[in-house]
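Visitor: next one to model:
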Amino acid sequence: MARYKHIDYSSRFLAVDLSEQILPGSFEHTLQHLIDHELSLSKFEAHFKNDKMGAPAYPPAVLLKVVLLAYSKGMVSSRQIEAACRKNVVFMAISGDSQPHFTTVAQFVSSQREAVVELFAQVLVICNRHGLIGREMFAIDGVKLPSNASKAKSGTRADFEREAAKMEAAMAKVIKQHEASDAQGALPSARVSRRMQRLERDVAQIRGWLEEHPEDRKGPKNTLRQSNRTDNQSAKMATNKGVIQGYTAVAAVDQKHQIIVAAQAHGVGQEQELLIPVLDELQGELQPRTLVAADSGYCSEDNLEHLEQRGIEAIIPDGNWRKRDERFAEQQRHKDKPEPLWDKTSKPAEPKLFRPQDFKPAVDLSHCICPAGKRLYRNGRHRDLNGFQAIHFTGAKRDCAPCLERSSCLRKPDTTQVRQVAIFIGRTPGKPERALERMKRKVDSAHGREMIGRRFATVEPVFGNLRHNKRLDRFSLRGRNKVDGQWKLYCLVHNIEKLANQGYSR
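Guide: The predicted structure is shown next:
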């Protein structure tokens, strides 16, 4: 039988040289070299006012190193970061064994947004100096992440008023029960007293919030947007895994080495509102040859017109581009595959209705023939629908009421009396072509399809790295400025990691 040396895993005291624990070429070596020799931390240092009075503070360089290293290891909790500074030798080495308290770490992360913005720009300058930014294509996309906010406390001011009134009615009922108990000489139970205290506290919180926020949140075109009593700058948004209360984290990624050149977090669920703010941040990076590629969620007529006015070359597909692309002809069979965490099985399909293409117009356009062989008569003159001419036809009650094809023709056959259909006959004379139509032609071209594929390959691995490798599954802060700063810190980690992989500081 082979003999082996005894391996002892028991605890012991060892003499460790902290300077030798940070290996060249590693992320922590790149991080330390950047902060100590390349980056200016004047914005962070301006935050401290203890030069004459107050206790000595931890250097911002140490706190920044600790936070970025922790984020690179998938640690978000400030308590986890404090424990790592006490127990992990790499954290000890990069912090000089300083062991900052978790409250110090949490306060640093939540209060340095403006300084992080400047630091993000400095790292981009270094990436550009080392040739990591090509500016041939910027791929824009976003991810919706929950934040430190309660989804149950979302609603409009009217919803909160009703909730408070309901609680006050419950309080009045409890008071009546108290009065009845007093009349009989019985003491109220501890359970009833606790419920009364809880109702009083909740009503006071709602009434106080309503006084502090006299108006509802407003969206684009003055639409009503739900508020939230725990974080009023967050938003309730739908994802493919359910509804969350959080923020949309947007990133613009350069194609050459997947460097994040712009990062923002917004408490908005509609991505169409976020394209222009990202373009404004990219203004200094855009060149005449730069192509901006974004997901279909950013496509709108206003956004496309804005891009054309600024002379920015862009590829932003509309919502139906996959139906026109033969490469996605078989995607439905993949959607039907089961997944352990999310049931992708399709719901029972609704019966397909007759489409306008199934109606045959007459030569003189005075009527059209439906699939059942009945006439639909012309209803008025040509109409303009989004720059195209359309003719409306309407069926007669005597034909539609007894028709056996009503269930295949009308969406609501029980309530709808007759079928109406609009048949397009061409572009309206004198109407200019819409920006959306021009974008559709660009997207359907060979070049457009190639750029869509490149966009996927550029931006999706970045979100995979941040969400899976760095374990960013939620934001731990409240308020748009704080969440935006935390998102930029994560994007900083990604960019510094790219620098380390490209041999920086070796």
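Visitor: who's in contact with the residue sitting nearest the centre point of the chain?
Guide: Compute the mean C-alpha point of the chain, and by CA atoms, centre = their mean the closest residue is residue 248, 2.3 Å away. By CB atoms under 8 Å, 6 or more residues apart in numbering, the contact set of residue 248 is 142-145, 235, 237, 265-269, 271, 274. C-beta coordinates here come from the backbone N, C-alpha and C atoms, glycine included.
Visitor: repeat that for residue 249.
Guide: Residue 249 neighbours (CB under 8 Å, 6+ apart): 142, 143, 144, 145, 263, 264, 265, 487.
Visitor: now, the most widely separated pair of those residues?
Guide: By the measure CB to CB, 144 and 263 form the most distant pair in the contacts of residue 249, at 15.0 Å.
Visitor: compare the two (neighbour count), which wins?
Guide: Using other CB atoms under 10 Å as the criterion, residue 144 and residue 263 rank with residue 263 on top: 24 against 18.
Visitor: ranking the contacts of residue 248 by neighbours, who comes first?
Guide: In terms of neighbours by other CB under 10 Å, the contacts of residue 248 top out with residue 265 at 28 neighbours.
Visitor: wait, that one touches residue 482, no?
Guide: No - the pair residue 265 / residue 482 is not scored as a contact, 9.3 Å apart, by CB atoms under 8 Å.
Visitor: helix/strand/coil for residue 424?
Guide: strand (DSSP: H, G, I helix; E, B strand; the rest coil).
Visitor: that one against residue 388, yeah?
Guide: Yes - counting by CB under 8 Å, residue 424 does reach residue 388; the two are 5.1 Å apart.
Visitor: higher neighbour count, the two?
Guide: With neighbours defined as other CB under 10 Å, residue 424 and residue 388 compare such that residue 388 has more, 17 against 12.
Visitor: if I look at that one, how far off is residue 500?
Guide: According to CB to CB, to the nearest Å, residue 388 and residue 500 sit 54 Å apart.
Visitor: residue 191 too?
Guide: Residue 191 sits at a distance of 59 Å from residue 500 (criterion: CB to CB).
Visitor: same deal with residue 318?
Guide: 39 Å.
Visitor: looking at those two, which is more packed in?
Guide: The neighbour comparison of residue 318 against residue 500 (other CB under 10 Å) goes to residue 500, with 22 against 17.
Visitor: which helix or strand contains the more buried one?
Guide: Secondary structure from DSSP states H and E places residue 500 in helix 480-501.
Visitor: helices or strands up against that helix?
Guide: helix 27-33, helix 60-72, helix 102-111, helix 113-129, strand 242-254, strand 260-266 (3 or more CB pairs under 8 Å, 6 or more residues apart in numbering; DSSP states H and E).
Visitor: tally of neighbours for residue 63?
Guide: If you count neighbours by other CB under 10 Å, residue 63 ends up with 22.
Visitor: meant to ask about residue 78
Guide: 22.
Visitor: and it, what does it touch?
Guide: So, once contact is read as CB under 8 Å, 6+ apart, residue 78 ends up touching 102, 103, 105, 106, 109.
Visitor: between the residues you listed, which is closest to residue 132?
Guide: Set against residue 132, the nearest of these by CB to CB is residue 109 (26.3 Å).
Visitor: and the gap between that closest one and residue 183?
Guide: Distance, residue 109 to residue 183, using CB to CB: 57 Å.
Visitor: and if you look at residue 163?
Guide: Taking CB to CB as the measure, residue 163 falls 31 Å from residue 183.
Visitor: so the two - more neighbours on which side?
Guide: Set residue 163 next to residue 183 and count neighbours by other CB under 10 Å: residue 163 wins out with 16 against 8.
Visitor: name the nearest residue to that one, sequence neighbours excluded.
Guide: Computed as CB to CB, 6 or more residues apart in numbering, the closest residue to residue 163 that is not its neighbour in sequence is residue 206, at 6.3 Å.
Visitor: the one you found contacts residue 229, correct?
Guide: Yes - using CB under 8 Å, residue 206 is in contact with residue 229, at 7.2 Å.
Visitor: next, the closest residue in space to residue 89 that isn't next to it in sequence: phi, psi?
Guide: Once flanking residues are discounted, residue 89 sits nearest to residue 21: 5.4 Å by CB to CB, 6+ apart. With angles defined as degrees, to the nearest 10, residue 21 sits at phi -90, psi -20.
Visitor: what about the stretch 201-350 of the chain, any weak spots by pLDDT?
Guide: The stretch 201-350 of the chain contains residues with pLDDT under 70 at 331-350.
Visitor: helices along that one, start to end?
Guide: 275-282, 301-310, 321-324, 331-335 (DSSP state H, counting those that start in this stretch).
Visitor: out of the ones you listed, flag the one nearest residue 28.
Guide: helix 275-282 (28.8 Å).
Visitor: same for the closest one, what does it pack against?
Guide: Looks like helix 275-282 contacts strand 137-146, strand 242-254, strand 260-266, strand 291-294, helix 301-310 (3+ CB pairs under 8 Å, 6+ apart).
Visitor: chain center to the fourth one, what's the gap?
Guide: Strand 291-294 sits 18 Å away from the centroid of its parent chain (CA atoms, centre = their mean, to the nearest Å).
Visitor: which elements pack onto that strand?
Guide: Using 3+ CB pairs under 8 Å, 6+ apart as the contact test, the elements touching strand 291-294 are strand 137-146, helix 275-282, strand 313-315, helix 446-464.
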